[in-house]
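> what's the 3D shape of this:
(chains A, B, C and D)
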Amino acid sequence: MFDTVLIANRGEIALRVQRTCRAMGLRTAAVYTTDERDAAVVHGADRAVCIGPPGTRSYLDIPALIEAAKAAEADAIHPGYGLLSEVPDFAEVCAANGITFIGPSPAVMDKLGDKAATRTLFGDLGAPLLPGSPRALESAFEAKAVADAIGYPVMIKAAAGGGGRGIQIVRTADDLVQAFQETHSRARTLFNDGRVYVERYVEGARHIEVQVLCDRHGNGVSLGERDCSVQRRHQKLIEETPAPGLDRATAEAMGASAVELALAVGYEGVGTFEFIVDSANEFHFIEVNCRLQVEHPVTEMTTGIDLVREQVLAAAGEPLSLSGDQASGSGVSIECRVNAEDPERGFVPTPGELRVFQPPGGPFVRVDSHCYTGYTVPPSYDSLLAKTVVWGPDREQALQRLDTALAEFAVEGPGVRTTVPLLRRVIADPRFRAGRHTTSLIGDVIDGLDL
Amino acid sequence: MFDTVLIANRGEIALRVQRTCRAMGLRTAAVYTTDERDAAVVHGADRAVCIGPPGTRSYLDIPALIEAAKAAEADAIHPGYGLLSEVPDFAEVCAANGITFIGPSPAVMDKLGDKAATRTLFGDLGAPLLPGSPRALESAFEAKAVADAIGYPVMIKAAAGGGGRGIQIVRTADDLVQAFQETHSRARTLFNDGRVYVERYVEGARHIEVQVLCDRHGNGVSLGERDCSVQRRHQKLIEETPAPGLDRATAEAMGASAVELALAVGYEGVGTFEFIVDSANEFHFIEVNCRLQVEHPVTEMTTGIDLVREQVLAAAGEPLSLSGDQASGSGVSIECRVNAEDPERGFVPTPGELRVFQPPGGPFVRVDSHCYTGYTVPPSYDSLLAKTVVWGPDREQALQRLDTALAEFAVEGPGVRTTVPLLRRVIADPRFRAGRHTTSLIGDVIDGLDL
Amino acid sequence: MTEERTAADTSISAVCDGIGRLLEVSPASVRRVRLNANGVEAELDWSADAAPAPAAAGAAVATGPASDGGPARTPGGAGPAAEAEPDRHLLLAPLVGTYYHAPEPGAAPFVAEGDTVQAGQQVGVMEVMKMMVPIEADQAGTVIGHLVPDGEPAEFGRPLLALAPHDDR
Amino acid sequence: MTEERTAADTSISAVCDGIGRLLEVSPASVRRVRLNANGVEAELDWSADAAPAPAAAGAAVATGPASDGGPARTPGGAGPAAEAEPDRHLLLAPLVGTYYHAPEPGAAPFVAEGDTVQAGQQVGVMEVMKMMVPIEADQAGTVIGHLVPDGEPAEFGRPLLALAPHDDR
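Here you go, the predicted model:
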């Protein structure tokens, strides 16, 4: 087992990872920028290293992180989510410096990071795919040929994208060439990789993902699915498990498919296999996320399994200790993301001082947050303040608890707005209540606003 | 089902009850004294009624509470724990005013409130009792005869006491008469009822209680046991379920015994049957608590059952919906009480302003608290700030999480001290770690201090 | 124990010395000095007399209003223990119950606007669990009016009656 | 115990002295000073309207106390971005790595105490993932001394070298 784990992240996930490491008896090292020296993760760390000036760029600074790990005598690095969590180069540099990267191997991350190549690979392995291009496309001409063949609407997606970034929906053939060019050039800017591919766009689909956990000894298990259909601009706002309205046979087939694919590519640790489920309840593989998800707590609430602990154990080479039986959850868990954003002004971030920060508590409520009264939300990072997660024996009770928890959540500060009122509107929506919602729900809830 | 529930309590339990009522879709009414108008429960209430000047006495003012319930149009009253929760008169006055008291019937409360009479009753029903007096005693002479017969040490207990109040341990015959007089006169002052009884005192025993849940239709179920052996001056500090080191056969026998007794006396709602388990793992009934316990969350964490919800459903006349199977818990849950007290100065309360109040969060951690940054702990009430509760698949993981959570718990204010450092010392103690601790642990941990 | 205290005492004198030095060089008059014996803490406050410093030292933050929108309503409207204006004296409810202006329905009220009342004179009655509790003026004055309508519930501390107090108290 | 006490007292005097010096140079009236001997913390607050340069407000020396007792240790000691005294200029680490005084083991150091350096002149080198990054003086002055021992790790913003700045900037 490791001695010291450096957490190469910030915000709520850095604290979340630290909590588990401490509970496992491991020492933790935190990294921080000059504007984040009061971060909760710094206070809870055995060592803390300043890695640069304010801004995400500092947390992406591989040399600074490696030097910080060396200074803190860390023998493992947990990347959290986002930032460097899916960058194969970082995992490789860690290995070259004798530090264990807590995640899948660089080779697997590299392979699955190319969404177009993964499509091809998984298609060959027999995974159900949406109709689309068999590989990355070279030209708008090629893209148009594919789109015309599979029929509109289609999505143009960046091969190097993922998690909702670098996606454009095209509804008619007339718009295709321009959309291709835009996605292509945006992908080149964002990811330094302009390759794109085309996939059918399923209107009113549900976004359902499967949590898998694998060791390096060829064992893998599905920890159930999560429905992440409540999104705005392809970013998730509310996630839950199990997926409402999904029959258990389909859910189990998805789980089995995900584990099979994971083992086929030699996946290690926790990973998420994303699917689109259409109105006929047929599922189609989209992409793999080679990391912990923001929404992992709902799986923890229903299964009682600490996913970060499992990540650490897998990275330390321990064989999987869970049977499929233990991995099956009970009850319903729902998470929502409380962001410092103004939904009425296009979700513009509203950083600032939190004069009041009183998260909810009590039975079957979990809050993951790095904030506290007096904390100033810096403008340089994402706007996630807290994840509010509830559990209930059934969906109705879980939703009631979620609404009560959100009603209790007090966040105040000059200029600070949160997504709490919007979230409460969404969970009161009859479509959501009935579990019949799709990815277009948020747009419907805030009708007439720029979404 | 009720329309509005008035919560006749304060502090964390008032908020805890409110959370469930809100999640059940019920309106809530809060009561408060003039120094508690900023209480969290007031902010979360649909109605709030000021019932008097600062002090516990206001929360014990039955006419004020009944009038408050009428003004708030409440059709039910939840008494929480402590205060009026076990006062049969209050339950009767509620009934006389057409308000449902959420708890057992006044007759049952009255019967079980007399600890000496309960001993007699349950002895007749075949419950295992410690050797002692068969009924309340009239004189020191009578007491001495009983004590001489059963052998020393003995406990002299107030018939109207309970929850650790009105108890004195007598080690030799020489001390008995004086102890009798003291307990007798203290009981008369405290409870307006001087009757006492004698019971053998078991050195190094464990205090284990069984949570039962009954409806008014003759159905009852045990929700498992709790070990509450970590006490100071007969007041619990750490509670957990299941009881470590207790074999499951004994635990199940205790559960069955408790349910049988509960049904025999016509118990309704949730109740706690307290037992002493001696070093031979034999259990002896002590008393019944006719209310929700402070430590109820550990049962909720392992069973997934909301006990307040079950109380409300039972009081509304709903039949029990739980089978024994659903009621059996999984994993281990531990609670500790974070009090504003100075363990180094004899647990003297340390009220004052909380300049910092940052409870822990994250996976498998629950905090029940009415406090927030900027809250002033009033001097007039008990010193419980927060209950920190964790769950783990096994006791080791639960303990590690508990220690991590306590380490994270930041409470600061002028003059404010908390039990957090003491709690961390206790859970690090090898005897506690091994589950071999008894009620004398705290005394051992703070050796040489006045306990 | 003794050793700890000695250590603390020593630290305290060190802090006091430090504060002394700090006061000597302080640019303005210090408003507040705080010293904490345990953990050895010291705090100095200068008044920011001009601005009502919003983030004052040890900011006492009041809880937000009920997050679900509406504030908690107290029965019968106004919150309890409202402050009287200088020329008005408020008689506050000494208990929780229903306030009546008259001894029984249809009877004349105990007092009316413009009446002069003495301290101890009954001005209303509160019904508490079917018991009628006389409400008496706690000082002499001229009745301005009842503040709780006849037959309405009143919580503890709610202003029941306004008086223009007489000077000869 | 005795050693700890002495250390604590010394820290307190040092912090008080430091605060005194800071007060002398403060551009506006300080609203609040906080000192904590446990973990050696000092804090200065200015009223919002009279705030000095943001870098000077806030913590002068901050070592975040870890909630579990021990302070969070930053590699190589003092926290980053410490403030220079008026007659001292601090050259701060522009990245995270290992600081060396000389181009290679056994070689003469780039600069020594008393040396005069020009802006842009190399004074040390930092090793970052096996790359050697020259560290250059950001202004002219006389070298007071290196603040990070040769071959020790330094985090971003850590003072590497103290200079007595030359006036003719």
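
> Could you use CA atoms for every contact and neighbour count after this?
Fine.

> dump the residue contacts of the spatially most central residue of chain A.
With distances taken as CA atoms, centre = their mean, the residue of chain A nearest its centroid is residue A:293 (3.5 Å). The contact partners of residue A:293, by CA atoms under 8 Å, 6 or more residues apart in numbering or on different chains, come to A:81, A:272.

> does it count as helix, strand or coil?
Under the three-state scheme (DSSP: H, G, I helix; E, B strand; the rest coil), residue A:293 adopts coil.

> For chain B, see how far away it is.
14 Å (CA to the nearest CA, to the nearest Å).

> repeat for residue A:301
For residue A:301, the distance to chain B - CA to the nearest CA - is 8 Å.

> Could you do residue A:30 as well?
15 Å.

> In space, what's closest to that residue - neighbours in sequence excluded?
residue A:48 (4.5 Å; CA to CA, 6 or more residues apart in numbering or on different chains).

> Need phi/psi at residue C:97.
Phi and psi for residue C:97, reported as degrees, to the nearest 10, are phi 180, psi -160.

> Surely it is in contact with residue C:157?
No - between residue C:97 and residue C:157 there is no contact, the gap being 11.2 Å when judged by CA atoms under 8 Å.

> Which helix or strand contains residue A:230?
Assigned by DSSP states H and E, residue A:230 belongs to strand A:220-232.

> Report the rounded mean pLDDT for that strand.
For strand A:220-232, the mean pLDDT works out to 92.

> again, but for stretch A:241-253
94.

> What residues of that stretch count as buried?
A:241, A:242, A:243, A:244, A:246, A:251 (16 or more other CA atoms under 10 Å in any protein chain shown).

> Kindly reformat the residues you listed as TSV containing distance to chain C.
Shown next, in TSV, are the buried residues of stretch A:241-253 (distance: CA to the nearest CA, whole Å):
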residue	distance to chain C
A:241	26
A:242	28
A:243	28
A:244	26
A:246	32
A:251	36
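
> Is it possible to get a markdown table of those that adds distance to chain B and secondary structure?
Below are those laid out as a markdown table (distance: CA to the nearest CA, whole Å; DSSP: H, G, I helix; E, B strand; the rest coil):
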| residue | distance to chain B | secondary structure |
| --- | --- | --- |
| A:241 | 16 | strand |
| A:242 | 17 | coil |
| A:243 | 20 | coil |
| A:244 | 20 | coil |
| A:246 | 23 | coil |
| A:251 | 24 | helix |
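
> Same list (these) but as CSV, adding distance to residue B:104.
Formatted as CSV, these follow (distance: CA to CA, whole Å):
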residue, distance to residue B:104
A:241, 37
A:242, 37
A:243, 40
A:244, 38
A:246, 42
A:251, 44
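
> Now do the same for the residue nearest to the centre of chain A: its pLDDT.
So residue A:293 comes in at 96 (pLDDT).

> Residue ranges in chain C under the pLDDT threshold?
C:1-85, C:168-169 (pLDDT under 70).

> repeat that for 80
C:1-86, C:167-169 (pLDDT under 80).

> any idea which helix or strand comes after the helix or strand where residue A:189 lies?
Counting by DSSP H and E, the element that carries residue A:189 is helix A:176-191. Remark: after helix A:176-191, the chain's next helix or strand is strand A:196-200, criterion DSSP H and E.

> re earlier: surely the residue nearest to residue A:30 forms part of a helix?
No - assigned with three-state DSSP, residue A:48 falls outside any helix and is strand.

> what's the spacing between it and residue B:274?
Residue A:48 is 48 Å from residue B:274, where distance means CA to CA, to the nearest Å.

> what's the closest non-adjacent residue to residue C:99?
That would be residue C:126: by CA to CA, 6+ apart, it lies 4.5 Å from residue C:99.

> Tell me the spacing between the one you found and residue C:95.
8 Å.

> So for stretch C:158-169, what gets flagged as buried?
For stretch C:158-169, using 16+ other CA under 10 Å, the buried residues are C:158, C:159, C:160, C:161, C:162, C:163, C:164, C:165.

> ok, is that stretch in contact with chain B or not?
No - using CA under 8 Å from any CA of the partner chain, we find that stretch C:158-169 stays clear of chain B, coming within 8.6 Å at best.

> re the thing from before, so for residue A:48 and residue B:274, which sits in the more crowded spot?
The neighbour count for residue A:48 versus residue B:274, taken as other CA atoms under 10 Å in any protein chain shown, is higher for residue A:48 (30 against 25).

> and the more buried one, what pLDDT?
98.

> try the one 3 residues further on
We note a pLDDT of 98 for residue A:51 in this prediction.

> what's near enough to touch it?
So residue A:51 contacts A:31-34, A:58-59, A:64-65, A:68, D:95-96, D:155-156 (CA under 8 Å, 6+ apart).

> now do 6 Å
Counting by CA atoms under 6 Å, 6 or more residues apart in numbering or on different chains, residue A:51 touches A:32, A:33, A:64, D:156.

> Tell me how far it lies from chain B.
24 Å.

> Same question for residue A:349.
Counting by CA to the nearest CA - residue A:349 and chain B are separated by 24 Å.

> Burial check on that residue, number of neighbours?
22.

> Pull the contacting residues for it.
A:340, A:341.

> Can you tell me how far whichever residue of the stretch 101-250 of chain A sits closest to chain C is from chain B?
Per CA to the nearest CA, residue A:238 is where the stretch 101-250 of chain A lies closest to chain C, at 19.1 Å. Residue A:238 is 18 Å from chain B, where distance means CA to the nearest CA.

> So that residue: helix, strand or coil?
Residue A:238 - assigned by three-state DSSP - is strand.

> Report the secondary structure element holding the nearest residue to it once chain neighbours are set aside.
Nearest non-adjacent residue to residue A:238, counting by CA to CA, 6+ apart: residue A:336, 4.4 Å away. Using DSSP H and E, residue A:336 maps to strand A:332-339.

> which helices and strands does the helix or strand following that strand pack with?
For strand A:332-339, the following helix or strand on the C-terminal side (DSSP H and E) is strand A:341-342. Secondary-structure packing of strand A:341-342 (3 or more CA pairs under 6 Å, 6 or more residues apart in numbering or on different chains; DSSP states H and E): strand A:348-349.

> Show me how far the strand it packs on is from its chain's centre.
20 Å (CA atoms, centre = their mean, to the nearest Å).

> Please apply the same query to stretch A:280-294.
With CA atoms, centre = their mean, you get 10 Å for stretch A:280-294.

> How about stretch A:166-179?
Using CA atoms, centre = their mean, the offset of stretch A:166-179 from its chain centre is 26 Å.

> Ends of that stretch, what's the gap?
Span of stretch A:166-179 from end to end, CA to CA: 11 Å.

> Would you mark the buried spots in that stretch?
Burial within stretch A:166-179, assessed by neighbour count using 16+ other CA under 10 Å, is assigned to A:166, A:167, A:168, A:169, A:170, A:176, A:177, A:179.

> How about stretch C:107-117?
For stretch C:107-117, by 16+ other CA under 10 Å, it's C:111, C:112, C:116, C:117.

> now the second one: how far from residue B:168?
Taking CA to CA as the measure, residue C:112 falls 60 Å from residue B:168.
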